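> Fold the following and give me the result.
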Amino acid sequence: MSMRGLAPSKPLSIGRKVLQINWGLVLLITLTAAIGIAMLYSAANGSWDPWATRQIVRYGVGLFILFTVALVDIRFWRSYAYLIYGILLVMLVAVEVVGSVGMGAQRWINLGVIKLQPSELMKVGIVLALARYFHSVSAENVRRLPYLFAPILMIGAPSALVLKQPDLGTALFLIMTGAAVFFAAGVRLWKFGLVFAAAGAAVPIAWSMLLPYQQKRIFTFLDPETDPLGAGYNILQSKIALGSGGLFGKGFMQGSQSHLNFLPEKQTDFIFTMLAEEFGMVGGLVLLGLYTLIMFYGYAISLRSRNHFGRLLAMGITCVLFIYVFINIAMVMGLIPVVGVPLPLISYGGTAMLTLMIGMGFLIGTYIHRDVTIPRHGGGI
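Sure thing, here's the model as predicted:
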């Protein structure tokens, strides 16, 4: 049912909003984060430092941000979606000028107290902006090619900036996220073919922007055994750890690959490998089950929303979570090249945690404001 022509709803009181919080979803998020904290404790050989304690603090701050975002009227986020996107785009440009370098890439802005990675925040920012755009475009105009140029530019600009950092994984992430919102908005499948054709034509340009180590990662992905002690080392050790975990695993803090330091980046990119080694396939499936339940909540919230902006926002955030999980697990299993995408709510990292909690705040906020009506004007602004 179209919301065009309906009078906007009155703002909800704070008390009523608190009562509307989806506590089942909050519990699932907390359980998932708790598993991550336990794995960080294990990664440090039974010590809360240097990772677990900081992650607890980050989750506490993230939970506060989640509730703050959720309780703000969804119409506020719709009104300021473009401004938020613009600020994040400026921050991506600023990374090129004043960004700090880490692990061979210039991806962070040092704010003194914390380091922010704008490319992570853009994963949510791009959903917000695209949801605003497609909310303002009528169902008829969504099917017209001229109305797709602006949102394609919204995806292309940050993706190009992120690729230049260089961060191939996040650039692909932004493109996949944008494509998911396009699909949810009702863009016809044949138009995706045009986009993919354009992307295919741009492959030589993208390849030339990659650093030698990134190009080597792609070649190594095809045959990691050609360089078992170099570029292929990470994925080979990950496969060994995954296989050695068996059905039930070796036990908490008993993973030989991780605790004998054969497994690289066990607190970040390869934390799922450590979990599977210690708790086996059963442990991995439990975590995947939690993710699936969160995504089910997200899908249900999207269907329940009476306004198009909320539907697209909830679906987009749900897709962000799915893409995080898919890329990370496919990466550690050797199904795709190593691209450095963290496992949501599990991997150690401040900006990634902040991004996920903001996203979950939008999801719960959409649920709280599910009966709020927002008129659609049919333009593209």
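
> give me phi/psi at the residue nearest to Gly125 when sequence neighbours are not counted?
Excluding the flanking residues, the one nearest Gly125 by C-beta to C-beta, 6 or more residues apart in numbering is Leu88, at 4.3 Å. Yep, even glycine has a C-beta here, placed from its N, CA and C like the rest. When read as degrees, to the nearest 10, the backbone of Leu88 gives phi -70, psi -40.

> Pull up the gap between Leu88 and Val98, please.
According to C-beta to C-beta, to the nearest Å, Leu88 stands 16 Å off from Val98.

> Check Phe309 too.
Using C-beta to C-beta, Phe309 is found at 34 Å from Val98.

> Look at the two and report which has more neighbours.
Phe309 (26 against 9; other C-beta atoms under 10 Å).

> that older thread, would you confirm that the residue nearest to Gly125 contacts Val127?
No - Leu88 is beyond contact range of Val127, at 11.5 Å (criterion: C-beta atoms under 8 Å).

> As a check, name the ranges of all helices in the stretch 51-200 of the chain.
In the stretch 51-200 of the chain, the helices defined using DSSP state H, counting those that start in this stretch lie at 52-71, 74-79, 81-98, 118-135, 139-142, 149-163, 168-185, 189-201.

> I'd like to know which of these is closest to Ile346.
helix 52-71 (9.4 Å; C-beta to C-beta).

> just checking, what packs against that closest one?
Packing partners of helix 52-71 (3 or more C-beta pairs under 8 Å, 6 or more residues apart in numbering; DSSP states H and E): helix 14-20, helix 23-43, helix 350-368.

> of those, which approaches Glu277 most closely?
Of the helices and strands packed on helix 52-71, nearest to Glu277 by C-beta to C-beta is helix 23-43, at 10.0 Å.

> which residues touch that closest one?
Residues outside helix 23-43 that contact it (C-beta atoms under 8 Å, 6 or more residues apart in numbering) are 47-48, 51-52, 55-56, 59, 63, 66, 252-253, 255, 258, 266-267, 271, 274-275, 278, 287, 290-291, 293-294, 297, 343-348, 360, 363-364, 367.

> Pro212: neighbouring residues, count only.
Neighbours of Pro212 under the rule other C-beta under 10 Å: 7.

> Looks like Arg376 contacts Ser136 (just checking).
Yes - taking contacts as C-beta under 8 Å, Arg376 lies within contact range of Ser136: 6.7 Å.

> tell me the most buried of the helices of the stretch 51-200 of the chain?
helix 118-135 (a mean of 26; mean count of other C-beta atoms under 10 Å).

> elements contacting that helix?
Using 3+ C-beta pairs under 8 Å, 6+ apart: helix 118-135 touches helix 74-79, helix 81-98, helix 149-163, helix 168-185, helix 308-332, helix 350-368.

> contacts for the first one?
The reference is to helix 74-79. With C-beta under 8 Å, 6+ apart as the contact definition, helix 74-79 has outside contacts at 8, 69, 84, 128, 131-132, 135, 307, 309-310, 313, 362, 365-366, 368-369, 372, 374.

> can you pull the buried residues of stretch 32-42?
Thr32, Ala33, Ile35, Gly36, Ile37, Ala38, Met39, Leu40, Tyr41, Ser42 (16 or more other C-beta atoms under 10 Å).

> center of the chain - which residue?
Val320 (4.3 Å; C-alpha atoms, centre = their mean).

> what residues are up against that one?
Lys123, Val124, Val127, Thr177, Gly359.

> likewise Arg304?
Counted by C-beta under 8 Å, 6+ apart, Arg304 has contacts Tyr367, Arg370.

> Any idea which helix or strand in the protein has the lowest mean pLDDT?
Using mean pLDDT, DSSP states H and E, strand 100-102 stands out as the lowest-scoring helix or strand of the chain, at a mean of 62.

> coming back round to it: can you say which of the contacts of helix 23-43 are buried?
Among the contacts of helix 23-43, those scoring as buried are 51-52, 55-56, 59, 63, 66, 253, 255, 258, 266-267, 271, 274-275, 278, 287, 290-291, 293-294, 297, 343-348, 360, 363-364, 367 (criterion: 16+ other C-beta under 10 Å).

> ok, longest helix in this protein?
Longest helix in the chain by number of residues (criterion: DSSP state H): helix 271-304.

> Tell me how far the closest residue to Gly251 other than its chain neighbours lies from Gly246.
Nearest residue to Gly251, sequence neighbours excluded (C-beta to C-beta, 6+ apart): Glu278, at 6.3 Å. Distance of Glu278 to Gly246, computed by C-beta to C-beta: 11 Å.

> Check Phe322 too.
27 Å.

> So between those two, which is more surrounded?
Phe322 (20 against 13).

> Need the three-state assignment for Arg370.
Following DSSP: H, G, I helix; E, B strand; the rest coil, we place Arg370 in the coil state.

> Run a quick neighbour tally on it.
So Arg370, with other C-beta under 10 Å, has 20 neighbours.
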